[in-house]
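J.: Here is the input, now give the coordinates:
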Amino acid sequence: MSETTVAAPLPGIFYRKPAPDQPPYKAPGDAVAVGDTIGLIEVMKTFNPVVAEEAGTLVAFLVDDEDAVMAGQPLYTLEA
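T.: Numbering: from 1, shown residues only. Below you'll find the model as predicted:
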């Protein structure tokens, strides 16, 4: 098995949940399919989904919920 680190596609604030009172999209250990939403990046009040481009198992998030991220910054690790 190989691990892949997935980077932020754009700068903004990373959210792991669709809303504060909702559960996270994914948690470490969860299966991930191509097209699954992993989180959101907010840029100027616009929420852009972070969508999985590979299938596998989510190993770990490399940023915390509501952290500011830069484009190209590692977000999470996926094991294929």
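J.: contacts, neighbours, all on C-alpha from now
T.: Will do.
J.: Does Lys17 touch Ala27 like I think?
T.: No: with contacts counted by C-alpha atoms under 8 Å, Lys17 stays clear of Ala27, the gap being 10.3 Å.
J.: ok, which stretches of the chain are strands?
T.: Counting by DSSP state E, the chain has these strands, from start to end: 3-7, 12-15, 31-32, 37-43, 46-51, 56-61, 67-69, 74-79.
J.: Please identify the deepest-packed of those strands.
T.: Counting by mean count of other C-alpha atoms under 10 Å, strand 12-15 has the highest mean neighbour count of these, with a mean of 22.
J.: And that one, what does it pack against?
T.: When contacts are defined as 3 or more C-alpha pairs under 8 Å, 6 or more residues apart in numbering; DSSP states H and E, strand 12-15 packs onto strand 37-43, strand 67-69.
J.: Distance to Thr57 and mean pLDDT for those - can I get that in a markdown table?
T.: As requested, these are exported to a markdown table (distance: least, C-alpha to C-alpha, whole Å; pLDDT from 0 to 100):
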| stretch | distance to Thr57 | mean pLDDT |
| --- | --- | --- |
| strand 37-43 | 12 | 98 |
| strand 67-69 | 22 | 98 |
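J.: right, and the ones you listed - which one's nearest Pro49?
T.: strand 37-43 (4.5 Å; C-alpha to C-alpha).
J.: Partner strands of that closest one, with direction?
T.: Here strand 37-43 is paired, per DSSP bridges, with strand 12-15 (antiparallel), strand 46-51 (antiparallel).
J.: tilt between it and strand 74-79?
T.: Between strand 37-43 and strand 74-79, the angle comes out at 170 degrees (axes from the mean of the first three to the mean of the last three C-alpha atoms, to 10 degrees).
J.: now the angle from strand 37-43 to strand 56-61?
T.: 50 degrees.
J.: Good, wrapping up.
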